[in-house]
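Asker: Predicted model, plus sequence, below.
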Amino acid sequence: KPTEEEDELMELKCDALTHMALAEKPNEMIQWLKTLPAPTDAQTKTGHRCRPSDRDALFTRAVLCLCAVENLRDANTLVASYITDVEERETEALTKSYTSKDDGQAPSHAIFCSMLIRVCEKDTRTGPLFSWLLRSFKRELDGMYKTKIVQSYTTKIGKIYFNIQPPPSMLNMMENMMGMMGGGGGMNPAMMQAMAAQMGQM
C-alpha cells in the first residue's frame, strides 16, 4: 500500500496532468511523461497487486480526461506520441499480449488507450466493444489513484459516445465534476480549485 507521502505526490502529479490536458497541451504532457521511470516487471505482471507505474497510470488518466471532454484530437496526439517516443516495448508484441490469457503480462496501457480512441471515433453501436474494453482493463483502472475519478471519466465517455446511461448516483457526481470542465478552452483557477476540492472528498 502506498504511503501518505506517495499519495500526496501522486495527487500533485494528477493535478499537473489534468491542468495540461484541459489546457490542450499534449506535447507538454509527453515531454513530462518521458521523465518518469518505465514500469517495472512487477507492475506489468498479470494480476499485479501494486499500482500501475506512475507513467502508465498518468498517461491513461490524461487520455480518459481528454476523451471525457470530447477532445479526441489531443487524445490521438498523446497516444501516438506515447507509443512512438515513450513506450519502449514493441507495439505489435503489446497488441498480441493484450488478448493473451497466458503470457503472464498485464494488459498494456498504450494499447488500451489506442483502442479506446478508435472505439470513440466510431458510432454508438460500438458500445458493447467499449464495455468489453473496460472489462479487459478493469484491474489496471481499479489500481489507479483515486479510482472514483477514473470511473467518472469512463462513465462520462460511455454516456457521450455510446449513450450508456450510468446509475443516478454516479451520474450526479460525474456531471458535477465534468460541468466544471466544460465551456470551451479550459478552466479558470476558481473552477480548478473547486474541482480539486471535490476530488479531494473522494
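Answerer: Perfect, I can see it now.
Asker: what pLDDT, on average, does stretch 86-101 get?
Answerer: Averaged over stretch 86-101, pLDDT sits at 88.
Asker: Kindly report the same for stretch 28-44.
Answerer: On average, stretch 28-44 scores 95.
Asker: Check what contacts that stretch and list those residues.
Answerer: Residues from elsewhere that reach stretch 28-44 (CB atoms under 8 Å, 6 or more residues apart in numbering): 16-17, 20-21, 48, 50-56, 58-59, 62, 78, 81-82, 85-86, 88, 105-106, 108. C-beta: built from backbone N, CA, C; applies to glycine.
Asker: For PyMOL, write the select line for the buried members of those residues.
Answerer: One line in PyMOL is enough to select the buried ones among the contacts of stretch 28-44; burial here means 16 or more other CB atoms under 10 Å:
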select buried, resi 17+20+21+48+51+52+53+54+55+56+58+59+62+78+81+82+86+105+106+108
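Asker: Would you map the helices across this structure?
Answerer: 4-22, 26-33, 54-68, 72-81, 91-98, 109-120, 127-136, 138-142, 147-162, 168-181, 189-200 (DSSP state H).
Asker: Kindly reformat those as TSV containing distance to Asp41.
Answerer: Below are the helices of the chain laid out as TSV (distance: least, CB to CB, whole Å):
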stretch	distance to Asp41
helix 4-22	20
helix 26-33	20
helix 54-68	13
helix 72-81	24
helix 91-98	14
helix 109-120	15
helix 127-136	21
helix 138-142	16
helix 147-162	24
helix 168-181	35
helix 189-200	31
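Asker: just the ones you listed: most buried one?
Answerer: Ranked by mean neighbour count under mean count of other CB atoms under 10 Å, the helices of the chain are led by helix 54-68, which reaches a mean of 24.
Asker: quick one: average confidence on that one?
Answerer: pLDDT averaged over helix 54-68 gives 96.
Asker: now that helix, how far from the centre of its chain.
Answerer: 3 Å (CA atoms, centre = their mean, to the nearest Å).
Asker: what's the angle from it to helix 72-81?
Answerer: 160 degrees (axes from the mean of the first three to the mean of the last three CA atoms, to 10 degrees).
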